[in-house]
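Asker: got a structure for you, letters missing:
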Ligand SMILES: [Ca+2]
Ligand SMILES: [Ca+2]
Ligand SMILES: [Ca+2]
């Protein structure tokens with residue numbers, strides 16, 4: 001039996017967030033990831049993009065700690081993570097959508113380096129470099145996320161894509177490819 005797409009994608013999200021590589025999510029992972037991303041794409045600490053990324057990751061961790069850290073040990077295991085996201089996605093996705101959107105907009109603004117309201121291919125690939133993800137995955141994801149084919153990722157395309165990582169089991173959904181996709185078995 002194959003693993004549902006959301007679950008394999010959530011494993012990829014978990015791995016991408018576990019910056020310290022210790023197999024658990026904690027405050028340090030989010031601080032470090034936010035710092036890495038800022039250093040690469042929004043280095044000016046006084047810029048709105050920098051502050052939004054910092055705030056976005058801090059809010060993401062806060063939400064995760066509150067909703068997923070079932071045994072209150074200050075960190076979230078893969079099991080706790082899956083259980084929490086499953087519950088949130090099951091609640092018509094409202095809670096989850098709010099968090100994803102709260103993070104998606106600051107992320108979009110940071111990735112949109114020239115602030116022209118659309119993410120170009122070089123801007124998108126730079127983002128993958130910033131968070132240590134394979135650039136080839138970024139290039140493939142870019143083509144899929146640009147659903148209207150105008151050569152850029154709009155805020156709408158980005159938010160829809162990011163949300164699909166957490167909620168979609170349809171490999172036809174562009175967002176499900178954002179972190180690469182495990183081959184279906
Ligand atoms: Ca960790
Ligand atoms: Ca741009
Ligand atoms: Ca587009």
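Answerer: Yep, that arrived. Keep in mind it's a predicted model, so treat the numbers as computed, not measured. Ligands and ions are numbered 1, 2, ... in the order given.
Asker: contact partners of the worst-scoring helix or strand of the chain on mean pLDDT?
Answerer: Lowest on mean pLDDT, DSSP states H and E among the helices and strands of the chain sits helix 94-111, with a mean of 79. Helix 94-111 is contacted by residues 37-38, 41-42, 48-50, 52-53, 55-57, 59-60, 63, 67, 85, 88-89, 115, 119, 123-124, 126-127, 155, 158-159, 162-163, 166-167 when judged by CB atoms under 8 Å, 6 or more residues apart in numbering. No exception for glycine: its C-beta is placed from N, CA and C like everyone else's.
Asker: that helix and ligand 3, are they touching?
Answerer: No - Helix 94-111 lies out of reach of ligand 3 by CB under 5 Å from the ion, never closer than 12.4 Å.
Asker: quick check: closest non-adjacent residue to residue 53.
Answerer: Nearest non-adjacent residue to residue 53, counting by CB to CB, 6 or more residues apart in numbering: residue 110, 4.9 Å away.
Asker: which residue is the nearest non-sequential neighbour of residue 38?
Answerer: Of all residues not flanking residue 38 in the chain, residue 50 sits nearest, at 5.0 Å (CB to CB, 6+ apart).
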